[in-house]
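Colleague: The following comprises the amino acid sequence and a computationally predicted model.
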Amino acid sequence: MSQLLTIAAEEAQNPLVPPIPELVIGLIAFVIVFGVLAWKLLPNINKVLEERREAIEGGIEKAEAAQTEAQSVLEQYKAQLAEARHEAARLRSEAQEQGAALIAEMRAEGQRQREEIIAAGHAQIEADRKAAATALRQDVGKLATDLAGKLVGESLEDHARQSRVIDRFLGELEEKAEAAR
């Protein structure tokens, strides 16, 4: 029976509920530990968290600043590239204009030289024609004078008379040639 009493005494005490003095001591120890941690550790934790937050925000700001700077550099490069393309197009256009002007100038120079050569050729032909006409006139005149002298039976050696006869004869030949046309 004594065993039963011990079992009954044990049944009166619930194993899930601790005894009150232990509960009070545990609660006091918890408050002390929590107070010390809140007093010493909480400011350090807050300080570290604040530093981390500032570092993250600073990093974000730095990243945004770097992104803004990169965007501005990109825009500058794009502007320089567009300007370089515009300059290249302008230079290409200038070169084409200069080439066209040079071609036109060379054509004009070639035309001028051609006209000079043609004019010189015409002048040479005219000079040769006049020289040939003069030589022909002299030869025809001499032949006409000799023939006339043989027909008339007297010498026509007088130059003045010879010139008049030649001029009259050639004049008649030219009139006949014009009338035949």
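Modeller: Received it, and whenever you're ready, just let me know what you need.

Colleague: secondary structure element for Val31?
Modeller: helix 20-36 (DSSP states H and E).

Colleague: What helices and strands are in contact with the helix or strand following that helix?
Modeller: Downstream of helix 20-36, the first helix or strand assigned by DSSP H and E is helix 42-152. Where contact means 3 or more Cβ pairs under 8 Å, 6 or more residues apart in numbering; DSSP states H and E, helix 42-152 is packed against helix 159-180. (Each C-beta comes from the backbone N, C-alpha and C, glycine too.)

Colleague: same for the helix it packs on, what does it pack against?
Modeller: Using 3+ Cβ pairs under 8 Å, 6+ apart: helix 159-180 touches helix 42-152.

Colleague: quick revisit: could you give the average pLDDT over the helix holding Val31?
Modeller: In this model, helix 20-36 has a mean pLDDT of 92.

Colleague: What lies in contact with it?
Modeller: The contact list for helix 20-36, computed with Cβ atoms under 8 Å, 6 or more residues apart in numbering, reads Pro18.

Colleague: please begin residue numbering at 25 from this point
Modeller: Okay, residue one is now 25; in that scheme the one you just asked about reads as helix 44-60.

Colleague: Report the secondary structure state of Pro42.
Modeller: Using DSSP: H, G, I helix; E, B strand; the rest coil, the structure places Pro42 in coil.

Colleague: now it, nearest residue through space, not along the chain?
Modeller: With sequence-adjacent residues excluded and distances taken as Cβ to Cβ, 6 or more residues apart in numbering, Pro42 is closest to Gly50, at 7.7 Å.

Colleague: How many residues are close by that neighbour?
Modeller: Using other Cβ atoms under 10 Å, Gly50 is surrounded by 11 other residues.

Colleague: just Arg161 next, same as before
Modeller: Arg161: 15 neighbours (other Cβ under 10 Å).

Colleague: which ones are touching it?
Modeller: Contacts of Arg161 by Cβ under 8 Å, 6+ apart are Ile190, Leu194.

Colleague: so how far is Ala89 from it?
Modeller: Using Cβ to Cβ, to the nearest Å, Arg161 is found at 105 Å from Ala89.

Colleague: on that earlier part again, extract the C-alpha trace of the helix holding Val55 and format it as PDB.
Modeller: Output of helix 44-60 as PDB, limited to C-alpha atoms (Å, rounded to 0.1, in the frame of the first residue of the first chain):
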ATOM      1  CA  ILE A  44       5.400  27.300  -9.200                       C
ATOM      2  CA  PRO A  45       8.800  28.100  -7.600                       C
ATOM      3  CA  GLU A  46      10.600  26.800 -10.700                       C
ATOM      4  CA  LEU A  47       8.200  28.800 -12.900                       C
ATOM      5  CA  VAL A  48       8.900  32.000 -11.000                       C
ATOM      6  CA  ILE A  49      12.700  31.500 -11.000                       C
ATOM      7  CA  GLY A  50      12.600  30.700 -14.800                       C
ATOM      8  CA  LEU A  51      10.500  33.800 -15.500                       C
ATOM      9  CA  ILE A  52      12.900  36.000 -13.500                       C
ATOM     10  CA  ALA A  53      15.900  34.500 -15.300                       C
ATOM     11  CA  PHE A  54      14.200  35.000 -18.600                       C
ATOM     12  CA  VAL A  55      13.500  38.700 -17.900                       C
ATOM     13  CA  ILE A  56      17.000  39.300 -16.800                       C
ATOM     14  CA  VAL A  57      18.500  37.600 -19.800                       C
ATOM     15  CA  PHE A  58      16.000  39.400 -22.100                       C
ATOM     16  CA  GLY A  59      16.800  42.700 -20.400                       C
ATOM     17  CA  VAL A  60      20.600  42.200 -20.800                       C
END
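
Colleague: Done for today, thanks.
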